[in-house]
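1. Fold the following for me, if possible:
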Amino acid sequence: MGLMKNLGDARADARRYNAARRRAARLAGDDSSRLIRLETISETERYQLAQDADRVTAFNKAVEQWAQRVTTQLRATIASRSLRIARELHPNLYTDRYGLVNRVGFSFPRHGIYIHKGAYKGHGGFIGSKWEMLKRVGGQEVSTGIVRHTNPDSLGKQGTGARRPFQWFDPVIRNRIGELEAVVLDYFDTMVIDATNIYINR
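-> Next up is the predicted model:
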């Protein structure tokens, strides 16, 4: 009985944890818009490439390898400021209905944005944000149900205090996007890369 109860509690904690992370991401505005999009002008070209399973695999692998190289550089850049961000940063690749990668993003803890912008307590951005407080229970973060908001008195003060902006994300992406363009040109004539929404400073 005790073992089954513990297993049930662990599953319930995991469900609460996952739900809390999804809610926190929604509140923070972390949706699919913060991605690099690989869009084709010709749907026919995408369909034709999808008919060749080997080329689909090669294209996806090439994009994945690019994302891994970028991740390695991002981790090296931020490690001096936050080992947690370096440890938890990872790439996310999404595919379309043909199985071709069409979006690339990077996940990292929320305070990576603060470091990038030079924001901290009492020194917020111009818009502010809201987030759900999490607490650690049994080694997992679970929701407290408490929604926090940026203090209005701190708005517009980021980058003016003791913590200066350390732009660890945008410059790396900007310098490496040309490599992704080269990968895409090996497979598509009409694919366009939209990286406007990936940057923290937009």
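2. Strands of the protein, residue ranges please.
-> Under the criterion DSSP state E, strands of the chain are mapped to 36-40, 90-95, 101-107, 130-137, 140-149, 191-194.
3. To residue 54, which of those strands lies closest?
-> Smallest distance to residue 54 across these (C-beta to C-beta): 15.3 Å, for strand 101-107. For the C-beta atoms, the positions are set from N, CA and C on the backbone; glycine is no exception.
4. Distance to residue 169 and mean neighbour count added to the strands of the chain, as CSV?
-> CSV is the format used below for those (distance: least, C-beta to C-beta, whole Å; neighbours: other C-beta atoms under 10 Å):
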stretch, distance to residue 169, mean neighbour count
strand 36-40, 13, 19
strand 90-95, 13, 14
strand 101-107, 8, 19
strand 130-137, 19, 14
strand 140-149, 23, 14
strand 191-194, 17, 16
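5. Reformat those into TSV and put distance to residue 200 and mean pLDDT next to each item.
-> Listed next are the strands of the chain as TSV, based on distance: least, C-beta to C-beta, whole Å; pLDDT from 0 to 100:
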stretch	distance to residue 200	mean pLDDT
strand 36-40	13	89
strand 90-95	16	94
strand 101-107	11	94
strand 130-137	16	73
strand 140-149	20	74
strand 191-194	16	90
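6. which one of the ones you listed lies closest to residue 167?
-> With C-beta to C-beta as the yardstick, what comes closest out of the strands of the chain is strand 101-107 (14.7 Å).
7. That closest one: partners in the sheet, and parallel or antiparallel?
-> Sheet pairing for strand 101-107, assigned by DSSP bridges, gives strand 36-40 (antiparallel), strand 90-95 (antiparallel).
8. hang on, the earlier thing: dump the strands of the chain to CSV, plus distance to residue 175.
-> Below are the strands of the chain laid out as CSV (distance: least, C-beta to C-beta, whole Å):
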stretch, distance to residue 175
strand 36-40, 14
strand 90-95, 16
strand 101-107, 15
strand 130-137, 30
strand 140-149, 33
strand 191-194, 14
